[in-house]
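[1] My questions are about this predicted structure, shown below with the sequence.
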Amino acid sequence: MLAIFLQSLIIGYSGAIMPGPMFTYTVDKSIRYGIKPGILVSLGHVFLELILVILIFAGVGKYLATDSASIIIGLIGGLILGFLGFNMLKDVYLNRISLETKIGENDRQDNMLLAGMVLSATNPYFIIWWSAIGMALIMNAYHSFGITGVALFYVGHILADISWFTFVAALVSKTRHLINIKIYKTVIVLLALCLIGFAIRFFTSSILHIMGS
């Protein structure tokens, strides 16, 4: 059983440390709000993963891996990431950003929890991973140790996500005093361009799928 847990933890880290929309969003929010974004965004992410694990057991996983599902998720994900990226650029242009800590704003924190779910759900590569690799790993854990094996797999996987994004948020928040407003605006622009880049990648990938089908 320990092998199942460690395997899940290592595979979880290999996926979590890869740059992506959720990483970009976490860095942006951590500069302003401290360590909490890392926890809240990752909790939203792992809650969606719990839903996916349940859906896979219910037999829905094979439908999530279809080309149609990938196209729809890619189009929606592209639109959402594009909106987030352009909104960040607009905030910089209109001088709406600051380095003032606002951790106490509950609506901001709730939005970050929801953002973790939305950014994950609209990432076609995340869905494809769970529908293919994740499903195989879950079934292997189930055949080895039943529901206990699945629980160990899930715990190991989410610990990787939570610990990594919390670490990223802590690192960013601890070094935020070294960042002045000009540097911050530059960072926001770069992060916004990254999100827009992901948006274009998701959207064009879906369009190419449609044209090729």
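    Cool, got the structure.

[2] Now do the buried residues in the lowest-mean-pLDDT helix or strand in the chain.
    One helix or strand of the chain scores below all others by mean pLDDT, DSSP states H and E: helix 61-64, with a mean of 74. Using 16 or more other Cβ atoms under 10 Å as the test for burial, helix 61-64 gives 61, 64. C-betas here are computed from N, CA, C, even on glycine.

[3] just stretch 206-213 next, same as before
    Buried residues in stretch 206-213, counting neighbours by 16+ other Cβ under 10 Å, are found at 206, 209.

[4] May I have the least confident helix or strand of the chain exported as PDB, CA atoms only?
    The C-alpha trace of helix 61-64 is given here as PDB (Å, rounded to 0.1, in the frame of the first residue of the first chain):
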ATOM      1  CA  GLY A  61     -14.100   8.600 -17.800                       C
ATOM      2  CA  LYS A  62     -14.200   7.100 -21.300                       C
ATOM      3  CA  TYR A  63     -16.500   9.900 -22.500                       C
ATOM      4  CA  LEU A  64     -14.200  12.600 -21.200                       C
END
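
[5] from the middle of its chain, how far away would the lengthiest helix in the chain be?
    When the chain is parsed with DSSP state H, its longest helix is helix 135-174. Centroid displacement of helix 135-174 relative to its chain, using Cα atoms, centre = their mean, to the nearest Å, is 14 Å.

[6] what's it packed up against?
    helix 2-16, helix 21-33, helix 36-57 (3 or more Cβ pairs under 8 Å, 6 or more residues apart in numbering; DSSP states H and E).

[7] Quick check: what element follows that helix along the chain?
    The C-terminal neighbour of helix 135-174 among helices and strands, as given by DSSP states H and E, is helix 181-212.

[8] who are the neighbours of that following helix, in terms of helices and strands?
    Applying 3+ Cβ pairs under 8 Å, 6+ apart, one finds that helix 181-212 contacts helix 21-33, helix 67-93, helix 124-129.

[9] so what does the first one touch, helix or strand wise?
    The one in question is helix 21-33. helix 36-57, helix 67-93, helix 106-121, helix 135-174, helix 181-212.
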